[in-house]
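Asks: here's a sequence, model it:
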Amino acid sequence: MRRLDLEFQPRRSSALAWSLLALGSAVLAVLLLLQQQLQSEQGELEARVHSLELKLGRRPLSAAPQNSTASREQAEQLAQMRSVSQQLQRPWEQLFTMLEAMPQEDVALLTITPDARKGQLRIAAEARDLEAMLQYHQRLERSSELRDVSLLNHEVVAGQAEHPVRFNLTATWEIGHARP
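Replies: The predicted structure is shown next:
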């Protein structure tokens with residue numbers, strides 16, 4: 001019987017294989033050199049474009065890299081701007097229309113201080129007497145826009161002839177079923 005030769009990789013390599021390897025290496029080296037040359041040309045061209053844009057005034061000077069303090073301050077300013085934006089987007093007109101539409105024969109509003117961030121409203125007013133103050137408080141409680149109306153304080157002004165009552169109220173300002 002004849003001996004079987006099961007060697008899958010022959011030990012001899014042909015000249016063709018070596019020449020293909022050399023050719024592939026040469027092509028790779030040429031391509032790498034070409035890439036480096038193109039990258040350096042691109043950098044030079046970008047620098048020229050940047051300098052020309054600066055001369056024409058089309059591109060602002062690039063800012064220096066920010067340190068952590070500057071980026072923290074910028075984040076705080078951004079948070080403040082978002083807060084102001086949210087407060088401006090509240091339906092203020094609806095709130096003021098509701099307050100103006102309430103009967104106020106015996107009550108004069110002195111100040112209205114809304115806090116849109118907390119969704120609260122503080123009202124300082126003056127009533128002809130205690131009964132008028134309590135009726136106004138009840139009307140605010142029955143309104144659909146306000147919840148948790150609370151009387152903070154009141155005082156009878158003894159220095160005036162009619163003895164009016166000055167009082168402060170707080171309320172939670174709501175829109176529908178959700179807070180603004």
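Asks: ok, the longest strand seen in the chain: who's next to it in the sheet?
Replies: Criterion DSSP state E: the longest strand present in the chain is strand 146-156. Next to strand 146-156 in the sheet, as set by DSSP bridges, lie strand 165-173 (antiparallel).
Asks: and the contacts of the partner strand?
Replies: Applying C-beta atoms under 8 Å, 6 or more residues apart in numbering, the set of residues contacting strand 165-173 from outside is 95, 110, 114, 116, 119-130, 132-133, 137, 140, 145-157, 179-180. Bear in mind the C-beta positions are built from the backbone N, C-alpha and C, glycine included.
Asks: contacts for the longest strand of the chain next, please.
Replies: 98, 121-122, 130, 133, 137, 140-141, 163-174.
Asks: which residues pair with A125 across the strands?
Replies: Assessed by DSSP bridges, A125 has beta-bridge partners L109, F167.
Asks: quick check: it touching L110?
Replies: Yes. Applying C-beta atoms under 8 Å, one finds A125 in contact with L110, separated by 5.7 Å.
Asks: residues near E105, how many?
Replies: Residues lying near E105 (other C-beta atoms under 10 Å) number 8.
Asks: per-residue confidence for T111?
Replies: If you check T111, the pLDDT there is 91.
Asks: list phi and psi for it.
Replies: With angles defined as degrees, to the nearest 10, T111 sits at phi -140, psi 150.
Asks: ok, now which ones touch it?
Replies: 122-124.
Asks: 6 Å instead, please
Replies: The contact partners of T111, by C-beta atoms under 6 Å, 6 or more residues apart in numbering, come to A124.
Asks: if I look at it, how far off is L121?
Replies: Per C-beta to C-beta, to the nearest Å, T111 is found 11 Å from L121.
Asks: what's the answer for Q138, then?
Replies: When Q138 is compared with L121 (using C-beta to C-beta), they lie 16 Å apart.
Asks: helix or strand for the residue positioned nearest the centre of the chain, which one?
Replies: Nearest to the mean C-alpha position of the chain, by C-alpha atoms, centre = their mean, lies R82 at 4.5 Å. Taking DSSP states H and E as the criterion, R82 maps to helix 68-88.
Asks: residues in contact with that helix: which ones?
Replies: Everything outside helix 68-88 that qualifies as a contact, by C-beta under 6 Å, 6+ apart, is A116.
Asks: and whatever helix or strand comes next after it, which residues are buried?
Replies: Note on helix 68-88: by DSSP H and E, the next helix or strand toward the C-terminus is helix 92-101. For helix 92-101, burial by neighbour count (16 or more other C-beta atoms under 10 Å) applies to 95, 99.
Asks: this completes my enquiry, with thanks.
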